[in-house]
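Engineer: Sequence first, predicted coordinates after that:
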Amino acid sequence: MTTTISYEQAKAYYEQWGVNVDLALKQLNQIPISIHCWQGDDISGFETIKSELSGGIDVTGNYPGKARNGDELRSDLEKALSLIPGKHRVNLHAIYAETNGQFVDRDEILPEHFAKWVDWAKQNGLGLDFNPTLFSHEKANDGLTLSHPDEHIRQFWIDHCIASRKIGEYFGKELGTPCLTNIWIPDGYKDIPSDRLTPRVRLKESLDTIFEYKTDEKYNIDAVESKLFGLGSESYVVGSHEFYLSYAQQNNKLCLLDTGHFHPTETISNKISTMLLFNEKVALHVSRPVRWDSDHVVILDDELKEIALEIVRNNAIERVLIGLDFFDASINRIAAWIIGTRNMIKALLYALLIPHNYLKELQEQGNFTERLALIEEFKTYPFGAIWDHYCEISNVPIREKWLQEVQIYEKDILSKR
Ligand SMILES: C[C@H](O)[C@H](O)[C@@H](O)C(=O)CO
Ligand SMILES: [Mn+2]
C-alpha cells in the first residue's frame, strides 16, 4: 500500500505554516543516532573471564536469544538497522573486544581487538563510537576506579582509558568519521560520605593523566558522562554533573548528559540550550528512567519530543551528538533497538515539522495564548503520514510492519541459540 496521497495532504497542512517538509526529511536523513551495542546482549561482552554486571546498573528480564559473540551481535544489529530509516552509528564498549579466546586485560586492549567491528562497520557504512568499560571487573569490585584510594588500581583504569582513546582514534581514522569516546565511571558511596572532596581530587588527577595522551580530534572526540546515583552509590557519586560540566569546560571536552542520570523530575531538555551557549558540542545518552535510572526502552514521550525540539529549534543538529543507552532483557532485544531508535528519529521529525520562527516570535511578543494553542494543535497534525512516507522512501517497513520481520528472525535465528 502506498502512502503518497496522504503524504501530499499531510505536507499541505505543514506547508500552510511555511514548513518545508522535503527539506525536513533531507535534514532528518542526515542525523546519525549512535545505537548502543549493549542492548543486544544485556551488557555481557565477550571477555574470556566474565565478571557479573557491576557498577550500579542492572539489566532485568530473561528473554531468549541474546547474542553470545561478535558475529551474532553484528548480525542482530544488521537486522535492527535494516528496519530503521537513515544511516546511523554503532556505539561499543571495551568489553566487546574480540581476542581469539586469549585473555587480554582491560589495560592491554588494542585496536586489533576491534578489527572485526571496523571491517563490519566499513561494509555497512557505519560510524563507530566507543566507551572504556570501568565496571564488571575484579578491579572495580568495590565500586571505585579512577578515584580509588589505591594508586595501582587508579593506574590500571587510567591505562584502560588511554587504551580506549587509542581505539577510538583508530575507529575515526579507519572509518573517516570521528569516534566519540565517552568515559563513565561508577565511583561512589552507598552511604553519606565523610569526605566528598578527596575522591573528586583523585578523579580530576586521573582524568588529567588520561588526557595528557593526545589524540587527533579529527578522529577521536572525548566525552565525560556524569551521574547522580547508582545501585550501591545512592548517597554520593564522584563524577557528578557539576564535576563533569566544570571539567569539560576547563579541558575542552564534551559533557555527556544521560537522561537517566538526574533527579526523577529533572529534565535534560532544559539543559541543552545553556550547554550550547557555553560549549561547542554536547553529547547525549537518551534513555528512559522509570522511577530510577532503569534504562527502559525509549518511547515517544513528552521529554523525548522536548529534547528533539531543543536540538532542532536551536539549530544544533550538528552540535548535539545523539546516542542511546537503554537495555531491556524482558522483550525481544532487536525489537528494543528498533522501537527506541525509531522513536528517537520520530521525535526529531516531529521537531523538524514545527514552525519554530513563528512560535519564537509569539513568545517575544508576549502572545502566550497563541503560543500554547499552536503548540497543542501541532501535536495532532498528520505527523504519522509524513513518518510513513519517510520510512517508505528510506526502504524500511512502514508503521508496525517491521515487527513481522523481527518475528521471522526470532523464529529462524534467535530461537535456535
Ligand atoms: C552501559 C552503561 O549504561 C553506560 O556505560 C553508561 O553510559 C551509563 O549510563 C551508566 O549508568
Ligand atoms: Mn549512559
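Structural biologist: Noted; the coordinates are in hand. Numbering: from 1, shown residues only. Ligands and ions are numbered 1, 2, ... in the order given.

Engineer: could you say which helix or strand contains Tyr409?
Structural biologist: helix 402-412 (DSSP states H and E).

Engineer: list the helices and strands that helix packs on?
Structural biologist: helix 70-81, helix 333-352 (3 or more CB pairs under 8 Å, 6 or more residues apart in numbering; DSSP states H and E). Using the backbone N, CA and C atoms, a C-beta is placed for each residue, glycine as well.

Engineer: buried ones in that helix?
Structural biologist: For helix 402-412, burial by neighbour count (16 or more other CB atoms under 10 Å) applies to 402, 405-406, 409-410.

Engineer: can you state the direction angle for it and helix 70-81?
Structural biologist: Counting by axes from the mean of the first three to the mean of the last three CA atoms, to 10 degrees, helix 402-412 lies at 160 degrees to helix 70-81.

Engineer: okay if I get the buried residues of helix 402-412 as TSV plus distance to Leu175 and pLDDT?
Structural biologist: TSV is the format used below for these (distance: CB to CB, whole Å; pLDDT from 0 to 100):
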residue	distance to Leu175	pLDDT
Trp402	26	98
Glu405	27	98
Val406	27	98
Tyr409	26	98
Glu410	30	98
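
Engineer: got the CA positions of the helix holding Tyr409 in CSV?
Structural biologist: These are the backbone C-alpha positions of helix 402-412, laid out as CSV (Å, rounded to 0.1, in the frame of the first residue of the first chain):
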residue,chain,number,x,y,z
TRP,A,402,8.8,-4.2,10.8
LEU,A,403,7.6,-6.4,13.6
GLN,A,404,6.8,-9.3,11.3
GLU,A,405,10.4,-9.3,10.1
VAL,A,406,11.7,-9.4,13.7
GLN,A,407,9.3,-12.3,14.4
ILE,A,408,10.6,-14.2,11.5
TYR,A,409,14.2,-13.6,12.6
GLU,A,410,13.3,-14.7,16.1
LYS,A,411,11.8,-17.9,14.8
ASP,A,412,14.7,-18.7,12.3
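
Engineer: Pull the contacting residues for the residue in the stretch 301-417 of the chain positioned nearest to ligand 1.
Structural biologist: Ranked by CB to the nearest ligand atom, the top residue of the stretch 301-417 of the chain for proximity to ligand 1 is Asp325, at 4.9 Å. Taking CB atoms under 8 Å, 6 or more residues apart in numbering as the criterion, Asp325 is in contact with 36, 258, 260, 285-287, 295.

Engineer: what two of the residues you listed have the greatest distance between them?
Structural biologist: Spatially, the most separated pair among these is His36 and Gly260, at 12.8 Å (CB to CB).

Engineer: Looking at the two, which one has more neighbours?
Structural biologist: Neighbour tally, His36 and Gly260, criterion other CB atoms under 10 Å: the higher count belongs to His36, 27 against 23.

Engineer: From the chain's centroid, how far away is stretch 39-49?
Structural biologist: Distance of stretch 39-49 from its chain centroid, counting by CA atoms, centre = their mean, to the nearest Å, is 17 Å.

Engineer: Same check on stretch 394-411?
Structural biologist: Using CA atoms, centre = their mean, the offset of stretch 394-411 from its chain centre is 23 Å.

Engineer: Where does Ile84 sit: helix, strand or coil?
Structural biologist: coil (DSSP: H, G, I helix; E, B strand; the rest coil).

Engineer: whoops, I mixed them up, Glu205
Structural biologist: helix.
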